[in-house]
Structure formats: structure tokens, C-alpha cells
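Chemist: need a 3D model of the sequence below.
(2 chains)
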Amino acid sequence: MNVHYLYSLLAVIILGLIAYAGSEGAGLTWLFGLVIPYVALLIFIVGFANRVWGWAKSPVPFRIPTTAGQQKSLDWIKSSSIDNPSSTPGVIMRMALEIFLFRSLFRNSRVEISGDRLSYKWVIWLWLFAILFHYSFLVVVIRHMRFFLEPIPFVILMIDKVDSIFQVGSPVVYQSGVVLFAAATVLLLRRVFVPKVNYISRAADYFPLFLIIGIAFTGIVMRYFAKVDVVGAKELAMGLVTFSPGIPDASIGGIFYAHLFLVCVLLAYIPFSKLMHMGGIFLSPTRNLANNSRAKRHVNPWNNPVKVHTYEEYEDDFRDKMIEAGLPVEKE
Amino acid sequence: MNDRNYIIIGLVVFFALLTFPVWYNLGSASSAPEVVLTEKAKEAKICIEDADFMRREHMQILNNWRDKVVREDKRTYSGKDGKEYDVSLSNTCMDCHSNKADFCDKCHTYTAVDPYCWDCHTYPEVTK
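Modeler: You can find the predicted model right below:
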């Protein structure tokens, strides 16, 4: 039993309904179409910068990378230059694999007792659905640039074309939308049905998932089922990005405002949530530092100056007495 | 620490990418396309359904029409007012909307829609 996902689901549904009712019923299209998008973007930029700046200020005096392979030592011992990088190129390689291919998720394993033995199994599902989810989301975001750019660049048209290459139905089905919705749903079901994951999941884990599923859902609905006025949608979007905001005369449709509002909520929510991993992944000290502690001395920069009395100085003070007592001295 | 410079550069690049549409559209005032109706379309006043419905649903109607004709050989469509129409893109739709460039293409280009109707159908300008 877990109430966290019920609250999150309810929150997303209520948010969607507020925007739908607000624009369709109360006629607050200016609020949901013009004011809230700007406010959300502002919160996102300021919040994101603030969060990253907080991390930038956090001191990392020593090297703390996860060492997932043989460290570089003697020439004849083969070292693992990516899993335990000792130089910047190795770190760049490690970060690229992490950011583009989710390498650490790829090595996910499950501990099981099979018979009377403890076994570790390689489990690929989390990696698979995570990478499907992230890349389809990226394609969806890039595709949406057709609403924000005029004239539409060739690259966007090309991506659009490839994404709908099977030409199913009319309007043609975008694969990325379907994959995004399906993969996000699988990631959600994982948190609901896998007991161990369910146990450590809180509202902050469910809410973003429901929010993204809600965005995908409203998007799919307004493209294929309860259709909205696409030209009006682009008119509104173009008004926003050229800072000449206006609501088009013809009604776009309440579901469009629900979609837009959920996106705004997501944007404004990102800086305060675990979704900051989009910035945080670049700033993970356990990944982005070279493990060169043995080759290079790292001194804590804010160490207090400590007054020391070295052995040489000690010997200088007491040399005569030491010789007299028959103790060995380094300097005669 | 010197890492801060890299972090600031990263942030600036990210925000520049995020606000790309603003830079891209800078100085170009865009307005929504206005479709041009032919004299014949103006005269008819109403399409097979009302304009708002057609604006949202025409692609679905055309898709259903294709399936109906090609797979079931059903060649009549009755609109909301009960009037019957011949199911044909070239002969019914494009009889009035014979100006593809000023009617179909205007909105399609604006929203990056590239319908594959014309993979098989030709439009009047070509057939004339």
C-alpha cells in the first residue's frame, strides 16, 4: 500500500482539470496561455541557475571518484582508463558514456538467492526503459520546435519526417510520442509493483512521472482524438517567443491549455525536484573527477596554517644534549 | 575554484539553447497564415461540414474516405445536413479548393505538416 502515488495522480489530474476548466469555462485563456508560461520559464531559469550555482559553490577539495576498475599505477599493470580514469580524456569518456548511454544503469544487477546460493543477475530493464524514455522525450521536445520557429529549419522537418516514417493514419503517428508514453508508464509501474522500489518511492518520485505521463497523454489526445486548432497553437507559441503575446481569435481547445499548463508546471517544478539530475549529472564529483590522488597531491585550500615544529628543528634545539646522551643524530 | 568558470559557461550554453526560438525569430514578425478561398468555395458558403469542424478534422475525414473507397468501395458521404457528397479528394474537395498553394499548403507549411495525399493524387494545376 502506498498513498504517495494516489496523491500524485490526483494532483496531476486536478492540475489538468484546472487548466481545462479555466480556459474553456472561465475564459482565462490569457492566464493559462500567456502569463503562466512566462512565469514558469522565469522560475525555471532562475531556479535552475540558482541550484547549479549552489553546487558550484560547494567545495570539493579532494578527489572522490567511484573507482570501478583498476587504478593506474605501474606501467605493467593494466589500468582501467574509463572506469577509473586518471586523466581528463578518461573523465570525458566516462562522462560521455554516462550522459549519452546511461552506463551506470546499464550495469544494474539484482541480488537473488537461488537455491542455497547468493547470485547477482544482470538486469537490463531499467536501463532499457530509461533510455527509451529519455531519448523519445528529447525527440518530442525537438519536434515541438515546429511550433516555435518560423520558417521551420530543415533539421526539424527531417526529424519530424523520420519520426513519422511509418505513415500510420492521418494525422500521422509519431513513434516518439508512443514510446515516450509507454516507457514512462513502465517506469511508473515499476515503482508501483516492484516491492523494493515501491518501498523507497515517495510522492516526489511519482509526481514527476505522472506529470510527464499527463503531458504525453494530453498531447496524444489532442493530436489524434479530441483535435485542437494547430494553427492557433502555433500562433500562440510564436507570440510567446517573439514577445508579442496574444491569444488567437479562434478557440484552440481546452485540452491544449491543459497540456500547456502541465508543461509549465513541469518547468517550474524542475529546479526544486529530483529532475535537476539534468544539470546534476554534469556536476557529480564521483564521476567527473580523475582518480589521480596518488600522482598529484591535492591540498585542502582552506586548511588553517598550522605552526609545526619539524624533527630537523627539534634536533637543532637539542643536538648537543642528544650527542651527550649517545642518541643518534642526522646532522653532526 | 577554477571549475566555476566551466560551470558558468555550461549554464550560459544551456540557457542559450533553451531560448533558441527567441534568437532564431528575432526581428521577424510572424503572423498566422490566411487561407484563400476560391470564388467557388465562397459561393458554396459551407464545406461538407462546418468550417471549424473541417479545420480540426479534415485529415481524419480524408483518411477515412481513402479507407472507405479503397477497401470497401463506399463512394458516398453524407454530411451533417444530410446532403450527399461523392467521396473523392480530386473531384469533390479540390473542385472548390482548387488552389492548393493558397489553401492546403499555407497551414501545412506553417505547422510542418507534409501530407502524403500528393504521393498519389495530382492537383488541378498539373492536370489542367
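Chemist: which residues does stretch A:128-140 contact?
Modeler: Counting contacts by Cβ atoms under 8 Å, 6 or more residues apart in numbering or on different chains, the residues outside stretch A:128-140 that touch it are A:101-102, A:105, A:159, A:163, A:174-177, A:179-180, A:182-184, A:186-187, A:190, A:212, A:216, A:219. Backbone N, C-alpha and C define where each C-beta goes, glycine included.
Chemist: show me the helices in the stretch 151-300 of chain A, by range?
Modeler: A:154-163, A:175-193, A:195-199, A:203-220, A:230-241, A:254-269, A:277-280, A:285-288 (DSSP state H, counting those that start in this stretch).
Chemist: mind jotting down where the strands sit in chain B?
Modeler: B:76-78, B:84-86 (DSSP state E).
Chemist: about what we covered before: in JSON lines: the helices of the stretch 151-300 of chain A, plus mean pLDDT, distance to chain B and mean neighbour count.
Modeler: As requested, the helices of the stretch 151-300 of chain A are exported to JSON lines (pLDDT from 0 to 100; distance: least, Cβ to the nearest Cβ, whole Å; neighbours: other Cβ atoms under 10 Å in any protein chain shown):
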{"stretch": "helix A:154-163", "mean pLDDT": "95", "distance to chain B": "5", "mean neighbour count": "15"}
{"stretch": "helix A:175-193", "mean pLDDT": "95", "distance to chain B": "14", "mean neighbour count": "18"}
{"stretch": "helix A:195-199", "mean pLDDT": "90", "distance to chain B": "30", "mean neighbour count": "10"}
{"stretch": "helix A:203-220", "mean pLDDT": "96", "distance to chain B": "15", "mean neighbour count": "21"}
{"stretch": "helix A:230-241", "mean pLDDT": "92", "distance to chain B": "4", "mean neighbour count": "22"}
{"stretch": "helix A:254-269", "mean pLDDT": "96", "distance to chain B": "10", "mean neighbour count": "23"}
{"stretch": "helix A:277-280", "mean pLDDT": "94", "distance to chain B": "8", "mean neighbour count": "14"}
{"stretch": "helix A:285-288", "mean pLDDT": "92", "distance to chain B": "9", "mean neighbour count": "16"}
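Chemist: and residue A:78, which of the ones you listed is closest to it?
Modeler: helix A:285-288 (22.0 Å; Cβ to Cβ).
Chemist: so what does that closest one touch, helix or strand wise?
Modeler: helix A:88-101 (3 or more Cβ pairs under 8 Å, 6 or more residues apart in numbering or on different chains; DSSP states H and E).
Chemist: list the contacts of the helix or strand following the helix it packs on.
Modeler: Later in the chain than helix A:88-101, the nearest helix or strand by DSSP states H and E is helix A:103-106. The contact list for helix A:103-106, computed with Cβ under 8 Å, 6+ apart, reads A:94, A:97, A:98, A:124, A:126, A:127, A:130, A:131.
Chemist: low-confidence ranges in chain B?
Modeler: Scanning chain B for pLDDT under 70 picks out B:1-2, B:29, B:124-128.
Chemist: still on that earlier bit, most neighbours, which of the contacts of helix A:103-106?
Modeler: Highest neighbour count within the contacts of helix A:103-106: residue A:94, with 24 neighbours (other Cβ atoms under 10 Å in any protein chain shown).
Chemist: and it, how far from chain B?
Modeler: 16 Å (Cβ to the nearest Cβ, to the nearest Å).
Chemist: same check on residue A:202?
Modeler: 28 Å.
Chemist: list the contacts for that residue?
Modeler: Counted by Cβ under 8 Å, 6+ apart, residue A:202 has contacts residue A:4.
Chemist: what does chain B put close to chain A?
Modeler: When proximity is defined by Cβ under 8 Å from any Cβ of the partner chain, chain B lies next to chain A at B:1, B:3-4, B:7-8, B:10-11, B:14-15, B:18, B:20-22, B:24-25, B:28-33, B:52, B:55-57, B:59-60, B:62-63, B:107, B:110-116.
Chemist: on that earlier part again, want to throw the strands of chain B into CSV with mean neighbour count?
Modeler: Listed next are the strands of chain B as CSV, based on neighbours: other Cβ atoms under 10 Å in any protein chain shown:
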stretch, mean neighbour count
strand B:76-78, 13
strand B:84-86, 12
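Chemist: same list, those strands, but as CSV with distance to residue A:22 please.
Modeler: As requested, the strands of chain B are arranged in CSV below (distance: least, Cβ to Cβ, whole Å):
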stretch, distance to residue A:22
strand B:76-78, 37
strand B:84-86, 39
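Chemist: among these, which is nearest residue B:103?
Modeler: So among those, strand B:84-86 is nearest, using Cβ to Cβ, at 17.7 Å.
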